[in-house]
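> got a structure for you, letters missing:
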């Protein structure tokens, strides 16, 4: 999918990866493409937000006083979300370094809402071969492209995922041709115990 109007993508250095233990209001972030899938009892929503993305996992825990919704939201964005949010993890994806050398970033590892979440972020030079979707089924991916005001090349946001009974795997790519950069995230979600599958 492509956008008709030119878009001034925010710089990659402003990207922040965040994990929240509750839903995040996404409407202020310009929703472009949404895809929803089921992963056992969990509802998973993938959203492209221009040069950003979100993944929201939600699970209703039954009825009555003990019931309630569990939710985890992954957000990669240059804009901070609004509302009272419980932050589980946060990282600047492309830190500006004084020596100009890339920084090794350790994986983010979080356990919350009965899930184990492991995230790796990375960035590197953008080339003609940069892509994540070639090894994924066409039904398990989505992409959005838009022109830039100060660059002839299109910017792309790509999401691709794989689901199994016990794991959810998400890869994302965000390109910044005006900076010659590509930003990648890889997220692996698994269940801490089998009770997470109970409806």
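Done, it's in. Note that the structure is predicted; figures quoted are calculated from it, not measured.

> For residue 155, give me its contacts.
Applying Cβ atoms under 8 Å, 6 or more residues apart in numbering to residue 155 gives the contacts 7, 9, 51, 145, 146, 147, 148, 174, 175, 176, 177, 178. For every residue, glycine as well, the C-beta is placed using N, CA and C.

> hmm, try it at 7 Å
Counting by Cβ atoms under 7 Å, 6 or more residues apart in numbering, residue 155 touches 9, 51, 145, 146, 148, 175, 176, 177.

> And residue 36, by the same measure?
43, 44, 45.

> which residues does residue 115 contact?
Counting by Cβ under 7 Å, 6+ apart, the residues that residue 115 touches are 72, 189, 191, 192.

> For the last one, list the residues it contacts.
Contact partners of residue 192, counting by Cβ under 7 Å, 6+ apart, are 111, 114, 115, 116.

> Please name every helix or strand in contact with the helix or strand where the first one lies.
This points to residue 111. Take DSSP states H and E as the rule and residue 111 turns out to sit in strand 108-112. For strand 108-112, the elements it packs on are strand 87-92, strand 115-125, judged by 3 or more Cβ pairs under 7 Å, 6 or more residues apart in numbering; DSSP states H and E.

> shaky segments in the protein?
Residue ranges of the chain with pLDDT under 70: 1-10, 62-68, 96-104, 132-136, 194-199.

> The longest strand anywhere in it pairs with which strands, parallel or anti?
What stands out as the longest strand in the chain, according to DSSP state E, is strand 151-163. Note on strand 151-163: by DSSP bridges, its sheet partners are strand 141-148 (antiparallel), strand 167-176 (antiparallel).

> and residue 58, which of those strands is closest to it?
When these are compared by Cβ to Cβ, strand 167-176 sits nearest residue 58, at 13.0 Å.

> Contacts for the helix or strand just after the closest one, please.
Sequence order places strand 181-191 as the next helix or strand after strand 167-176, per DSSP H and E. For strand 181-191, contacts defined as Cβ under 7 Å, 6+ apart pick out 12, 15, 17, 55, 74, 76, 93-94, 114-124, 126, 130, 166-175.

> What residues sit buried inside strand 181-191?
181, 182, 183, 184, 185, 187, 188, 189, 191 (16 or more other Cβ atoms under 10 Å).
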